[in-house]
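Trainee: Sequence first, predicted model second:
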Protein chains: 2
Amino acid sequence: MNYRIRLEDVARAADVSVGTASKALNGNGRMTAETRERVQRTAREMGFRPNAVARALIQQRSFTIGLLTGDSYGRFSMPLMSGISEALVHMGISVFMCGIEDDPELAKVHLDAMLEKQVDGIICTGKRIDRQLPLSTEGIPIPVVYAFAAAPEGSVVLVANDEQGATEATEWLLGLGRRNIVHVTGPESFHSARMRAEAYRMALGHNGQVMHGQWSEAWGHEAVARLWAEGTRPDGIFCGNDQIARGVVDALRERGADVPGDVSVVGFDNWEIVAAATRPPLTTIDMNLRELGREAGRLVMAMASGEPVEPGVRALPCSLVVRSSCGGHRAAAPEAA
Amino acid sequence: MNYRIRLEDVARAADVSVGTASKALNGNGRMTAETRERVQRTAREMGFRPNAVARALIQQRSFTIGLLTGDSYGRFSMPLMSGISEALVHMGISVFMCGIEDDPELAKVHLDAMLEKQVDGIICTGKRIDRQLPLSTEGIPIPVVYAFAAAPEGSVVLVANDEQGATEATEWLLGLGRRNIVHVTGPESFHSARMRAEAYRMALGHNGQVMHGQWSEAWGHEAVARLWAEGTRPDGIFCGNDQIARGVVDALRERGADVPGDVSVVGFDNWEIVAAATRPPLTTIDMNLRELGREAGRLVMAMASGEPVEPGVRALPCSLVVRSSCGGHRAAAPEAA
DNA sequence: GTGAAAGCGCTAACAA
DNA sequence: TTGTTAGCGCTTTCAC
């Protein structure tokens, strides 16, 4: 009932010209309400589906954007893409998604394909915010937004606010009365690790103790082992991600330390599969990647519509998600900024 | 250097007609090698990018497909989409991806958008193979393939071979000399859980012991607790997914049972974040979702090209991934079917 | 071997 | 208020 029905068919059936039919369906032009309704009804009855390709050709807009991602695991790219899609679907925009697997050749192939398909804009995303994708977006004639990825000078980029997130985490522990707080995190080579550590120190008001290692559960175990070996007994541990936090919580339990009774632990990422499965479930920082995606979608379309958008890095707020690894309740500490 | 350059511009610069330029660039028609090369060189130098929208309009093919997913977490849809994309990118095909969040309205909006954009085919995917998406693909004038999702009668559908995977897992345990093997899995309401349990029984040659519960670590703990309470001491446990397996392994360790010394444990899913972080890392079944995606991509394009494709369910093989939770080495047991 | 011209399905400017 | 017409950028007969 909807195959190969052209506007011309609808027009003929409704006894108007294609021009009028077009206007009737798009709400443009002037005509009697009767005519407009008749055309719309006819179109509906015939199962008419406008050909967006023809429309794109003439309007020079495809109502399509491209999402290039360096995160093929989906940890970051899935929530981002959900947000983007959510923000744009009601404008009739669809999202091309492609993973580039750290391969410059592949990245170029995908990018060219999208450019040829006349996407209205491109969003690039990675799995860490201090590494550029293997991809040059220089000289690209359409808007580009970077979300959760490093970008060339002068780009529009969106990231989660690591400092603010880490500050919230640390202050949450302080608010709970914890005073001997250690920070166990990933490699110092990661910008995020450095930012979070810095914010932790600032919130503490002194140097605290920062332990850099891997972003893994194993490092969480190892870190606790080192702490115990050197006789340190923290009452709060802020971890650089949820995997480390899970390792820490398990290691603590194995040593008979009660979480959250003796030690409060905060994670970072709110990676459901890890945070919710930890015993007790992790209180952690959510980077609100979905909202980041929404904002990226809005921005790229604003740019595509010619609205002026300032280049620069926009850091969106993280929020604390309270589960059970700290004790305390949401209301007992300051809200997200 | 590549903005708004049309074929006409290239043609003029190369001193040929647009028709000739088109043929030169697409390798069609007849002309002197010199002319062809000159046009190609000119196009390259000018940074010409053919407008795929115009091409799609005339060829009635957009070189685009749609991926509708009910799995917004990405556990299944990411590998699937990587596979699809991988199989099709070299045909110049891009993939629209959209999550439908169990929302029929949203699903329809996305589906209509793709249809209007003249996608050449659609792939639908979910997060379990016995639940249909909230979506009717009836009367759709383009090929539809279901991958890892339930589908209406007469559809082309691709799933992982649960029986074969479960058989491999069980036989691996048997091959290791385990004789007292228990199966701890998810709710009986899941088709996959029933299929895997059935295959487990077949491989065992008797009824064994099947414990249905949740797909969670907590259930893994609980199941071991029950086993211990009733005095059962298995030497092998085949788990319905990796999360259960992780719970089982942790619970076993807490009771002083050595894995894999006393008990061998096999998981299902090969979900890296869970399987690799378990101590010891899990030997598990991989559903090869990426390959499933590749096949889905090939199939949908074959259908779009008019090749006859038999409707029905195609079950693709799973494979055993050996880590440390069983002892034994890859060579000691039969290969994947 | 190369060019001219028609047309894919639609929108928008201009006539009537 | 409605219809006519000229394209959007490309491919593809069909002449020459």
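Mentor: Yep, that arrived. Numbers count the residues shown, from 1 in each chain, chains lettered A, B, ... in the order given.

Trainee: Please work out how many residues are found near residue A:171.
Mentor: When neighbours are defined as other Cβ atoms under 10 Å in any protein chain shown, residue A:171 has 17 of them. All C-beta spots, glycine's among them, are computed from the backbone N, C-alpha and C.

Trainee: could you say what helices and strands the host helix or strand of it packs with?
Mentor: Applying DSSP states H and E as the criterion places residue A:171 in helix A:162-175. Using 3 or more Cβ pairs under 8 Å, 6 or more residues apart in numbering or on different chains; DSSP states H and E, the elements in contact with helix A:162-175 are strand A:181-185, helix A:191-204, strand A:236-239, strand A:264-268, strand A:283-286, strand A:312-316, strand A:319-321.

Trainee: out of those, which comes closest to residue B:275?
Mentor: Proximity to residue B:275 (Cβ to Cβ) singles out strand A:264-268 among the helices and strands packed on helix A:162-175, at 20.3 Å.

Trainee: ok, the closest one near chain B or not?
Mentor: No - for strand A:264-268, no contact with chain B is found by Cβ under 8 Å from any Cβ of the partner chain; the gap never falls below 13.9 Å.

Trainee: How far off centre is that strand?
Mentor: 21 Å (Cα atoms, centre = their mean, to the nearest Å).

Trainee: Also stretch A:182-196?
Mentor: 20 Å.

Trainee: need the longest helix for chain A.
Mentor: Using DSSP state H, we find that the single longest helix of chain A is helix A:289-304.

Trainee: coming back round to it: can you list the helices and strands packed on helix A:162-175 in a markdown table and add mean neighbour count and mean pLDDT?
Mentor: As requested, these are arranged in a markdown table below (neighbours: other Cβ atoms under 10 Å in any protein chain shown; pLDDT from 0 to 100):
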| stretch | mean neighbour count | mean pLDDT |
| --- | --- | --- |
| strand A:181-185 | 25 | 98 |
| helix A:191-204 | 20 | 98 |
| strand A:236-239 | 30 | 98 |
| strand A:264-268 | 29 | 98 |
| strand A:283-286 | 27 | 98 |
| strand A:312-316 | 15 | 98 |
| strand A:319-321 | 19 | 98 |
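
Trainee: closest to residue A:67 out of these?
Mentor: That would be strand A:312-316 among the helices and strands packed on helix A:162-175, by Cβ to Cβ, at 17.6 Å.

Trainee: Nearest to the spatial middle of chain A, which residue is it?
Mentor: Nearest to the geometric centre of chain A sits residue A:289, at 2.9 Å (Cα atoms, centre = their mean).

Trainee: what's the helix or strand for the nearest residue to it once chain neighbours are set aside?
Mentor: With sequence-adjacent residues excluded and distances taken as Cβ to Cβ, 6 or more residues apart in numbering or on different chains, residue A:289 is closest to residue A:79, at 3.9 Å. Using DSSP H and E, the element containing residue A:79 is helix A:77-88.

Trainee: Can you list the helices and strands that that helix packs against?
Mentor: Using 3+ Cβ pairs under 8 Å, 6+ apart, helix A:77-88 sits against strand A:64-69, strand A:94-99, strand A:121-125, helix A:289-304, helix B:77-88, strand B:94-99.

Trainee: strands paired with the first one, and their directions?
Mentor: To tie it back to what came earlier, the one meant is strand A:64-69. Strand pairing for strand A:64-69, using DSSP bridges, gives strand A:94-99 (parallel), strand A:121-125 (parallel).

Trainee: What residues does the stretch 51-200 of chain A have near DNA strand C?
Mentor: A:51, A:54, A:55, A:57, A:58, A:59 (Cβ under 7 Å from any atom of the strand).

Trainee: Please report the distance of the last one from DNA strand D.
Mentor: Applying Cβ to the nearest atom of the strand, to the nearest Å, one obtains 8 Å for the distance of residue A:59 from DNA strand D.

Trainee: For residue A:10, give me its contacts.
Mentor: A:21, A:25, A:39, A:42, A:43, A:46, A:48 (Cβ atoms under 8 Å, 6 or more residues apart in numbering or on different chains).

Trainee: so the closest residue to residue A:194 other than its chain neighbours, which of the three states?
Mentor: Excluding its sequence neighbours, the residue lying closest to residue A:194 (Cβ to Cβ, 6+ apart) is residue A:188, at 6.2 Å. Three-state call for residue A:188 (DSSP: H, G, I helix; E, B strand; the rest coil): coil.

Trainee: Pretty sure residue A:188 sits against residue A:198.
Mentor: No - applying Cβ atoms under 8 Å, one finds residue A:188 not in contact with residue A:198, separated by 11.2 Å.

Trainee: Columns mean neighbour count and mean pLDDT on top of the strands paired with strand A:64-69, output as TSV?
Mentor: Formatted as TSV, these follow (neighbours: other Cβ under 10 Å; pLDDT from 0 to 100):
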stretch	mean neighbour count	mean pLDDT
strand A:94-99	25	97
strand A:121-125	26	98
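
Trainee: Relative to residue B:122, which of these is closest?
Mentor: strand A:94-99 (12.2 Å).

Trainee: Kindly state the domain boundaries assigned to chain A.
Mentor: Domain segmentation of chain A under automatic domain parsing yields A:62-160+A:290-316, A:162-288.

Trainee: Compare these and give me the one nearest residue B:107.
Mentor: Using Cβ to Cβ, the nearest of the domains of chain A to residue B:107 is domain A:62-160+A:290-316, at 10.8 Å.

Trainee: Now do that closest one: distance from first to last residue.
Mentor: Using Cα to Cα, to the nearest Å, the end-to-end distance of domain A:62-160+A:290-316 comes out at 29 Å.
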